[in-house]
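**Q** Need a 3D model of the following:
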Amino acid sequence: MLKIVLLEFEDTLITSTGDLYSGVVETLSTLQKFETDDQRKLLLYLFSLTPGMWQGAGKSPFEGLRQRLDSLGLGTFFDPIDERAVVGSKGDVTIQGVIDAVRSRVSSHANLDDIVFVSGSESVSHAIEQNKLRSFRFSQNTVDGPDQFSDWAELPLLLANLFDSARQKNLEFALRTYLSSRENLSLAFLRPSGKPDVWEGQVNTWHSVSSRGFSELNDVNVKIPGQVTIELDSTGRIEKLQQTEPSPQDKEEAQSFVESLARHHQIATENNPELERATHAIETNADGKRYLVRKRFSAV
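**A** Numbers count the residues shown, from 1 in each chain. Coordinates of the predicted model:
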């Protein structure tokens, strides 16, 4: 039963230059919500066998690591750091040493089957494989096997697949993160379809609408409910994603909703961004697409 995820710091969460890999924060936030099959929180641990890039940042290895994690926005995921991190010193800590250190800090007994490693370092991954431990390997370039991933949004899917009774709940968290970051879809709920590894859900998807009376609102993207069918492969990855097109009635209702907001001066636009009564605003992304987003709820 999976209870602990052990994540390597260097070359896994951060690049060789010390920058955070894209998607790491969102993935760790998702994993924090995971539950084990015995209804406990999934525990996240960090290990570093080559702390050269940050070891001089504080008075002790833990202080240096804490400062480095805080600067990256990762501190809360491994708190308290002296319990949730294993730090090497001049390469004297082995994979077995990492396991022993973690097991000594867990209040309940942890078997090797309860632990999964996540590493991006070739040498560390090789040592993990030699010890025949469960692991996933991060590779930013190519993926050569089912236990490798190059997209951090995939890791929660892979881990959710290792659970039994907690699988559906964790899978919903994992899919919510993946669909939001990769498909621009907001998952409302998820349910089994009755077929193996096929799930059905409701999403809020962005669709462009145009206004008959407010030219400034033309081609604004608004959220419209829709249905999705998701088929997973044996590893937990998404093999097929089918999305239904919103009905003409849903599109018409969305257009009427936008026009109603505009008539009541509840949309802050590019030409009037400081509209005091506005409950919504139009935001433009890096690609130039315009989205209607809620700012606040109106007072009654």
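**Q** And the spatially closest residue to Thr177 that is not a sequence neighbour, how far from Trp199?
**A** Excluding the flanking residues, the one nearest Thr177 by CB to CB, 6 or more residues apart in numbering is Thr30, at 4.5 Å. Using the backbone N, CA and C atoms, a C-beta is placed for each residue, glycine as well. Distance, Thr30 to Trp199, by CB to CB, to the nearest Å: 17 Å.
**Q** Just want to know which of those two has more residues nearby.
**A** Thr30 (23 against 19; other CB atoms under 10 Å).
**Q** Pull the contacting residues for the more buried one.
**A** Thr30 makes contact with Pro156, Phe173, Ala174, Arg176, Thr177, according to CB atoms under 8 Å, 6 or more residues apart in numbering.
**Q** Mind checking what helix or strand follows the helix or strand harbouring the fourth one in sequence?
**A** The reference is to Arg176. Per DSSP states H and E: Arg176 is located in helix 167-183. Moving toward the C-terminus from helix 167-183, the next helix or strand (DSSP H and E) is strand 185-192.
**Q** low-scoring stretches of the stretch 151-300 of the chain, by residue?
**A** Scanning the stretch 151-300 of the chain with the threshold set as pLDDT under 70 gives 270-276, 296-300.
**Q** Based on its surroundings, how many neighbours for Asp19?
**A** 9.
**Q** do you know how far it is from Lys289?
**A** The value you get for Asp19 to Lys289, if CB to CB is used, is 27 Å.
**Q** cool, Ser186 as well?
**A** From Ser186 to Lys289 the distance is 16 Å (CB to CB).
**Q** now do Ile4
**A** In this view, Ile4 and Lys289 are 41 Å apart by CB to CB.
**Q** okay, those two: which has more neighbours?
**A** Legend: neighbour count by other CB under 10 Å for Ile4 and Lys289, higher for Ile4 (18 against 14).
**Q** pLDDT score for the more buried one?
**A** Ile4 is assigned 95 on the pLDDT scale.
**Q** Then the one 4 residues further on?
**A** We note a pLDDT of 95 for Glu8 in this prediction.
**Q** what does the one 3 residues further on give?
**A** Asp11 carries a pLDDT value of 90.
**Q** And for the one 5 residues further on?
**A** Looking at Ser16, its pLDDT is 86.
**Q** Lys41: neighbour count?
**A** 12.
**Q** tell me the strands in the protein, going along the chain?
**A** 4-8, 43-48, 85-87, 115-119, 135-138, 148-149, 185-192, 198-209, 220-232, 238-243, 267-268, 280-284, 290-294 (DSSP state E).
**Q** if I look at the nearest residue to Gly88 once chain neighbours are set aside, how far off is Glu10?
**A** The spatially closest residue to Gly88, leaving aside those adjacent along the chain, is Leu49, at 4.1 Å (CB to CB, 6+ apart). Distance from Leu49 to Glu10, counting by CB to CB: 8 Å.
**Q** And Glu154, by the same measure?
**A** 21 Å.
**Q** residues touching Thr27, list them.
**A** Applying CB under 8 Å, 6+ apart to Thr27 gives the contacts Trp152, Ala153, Leu155, Pro156, Thr177.
**Q** Export those residues as CSV, with columns for neighbour count.
**A** Below are these laid out as CSV (neighbours: other CB atoms under 10 Å):
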residue, neighbour count
Trp152, 24
Ala153, 19
Leu155, 25
Pro156, 26
Thr177, 24
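**Q** Make TSV from the residues you listed and add distance to Leu65 to it.
**A** Shown next, in TSV, are the contacts of Thr27 (distance: CB to CB, whole Å):
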residue	distance to Leu65
Trp152	20
Ala153	25
Leu155	22
Pro156	24
Thr177	26
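**Q** quick one: which of those residues sit in helices?
**A** Leu155, Pro156, Thr177 (DSSP state H).
**Q** Verify the contact between the second one and Phe173 for me.
**A** If I follow you right, that is Pro156. Yes. Between Pro156 and Phe173 there is a contact at 6.6 Å, judged by CB atoms under 8 Å.
**Q** so what sits against both of the two?
**A** Thr30, Phe34.
**Q** Domain map for this structure?
**A** Taking automatic domain parsing as the reference, the chain has its domains at 4-168, 184-294.
**Q** Pick out the most distant pair among the contacts of Thr30.
**A** Pro156 and Arg176 (9.2 Å; CB to CB).
**Q** related to what we said a few turns ago, unless I'm mixing things up, the residue nearest to Gly88 is touching Ser125, no?
**A** No. At 11.7 Å, Leu49 does not count as touching Ser125 under the criterion of CB under 8 Å.
**Q** Can you give me every residue that contacts Leu13?
**A** Leu7, Leu20, Tyr21, Val24, Leu46, Leu72, Leu74.
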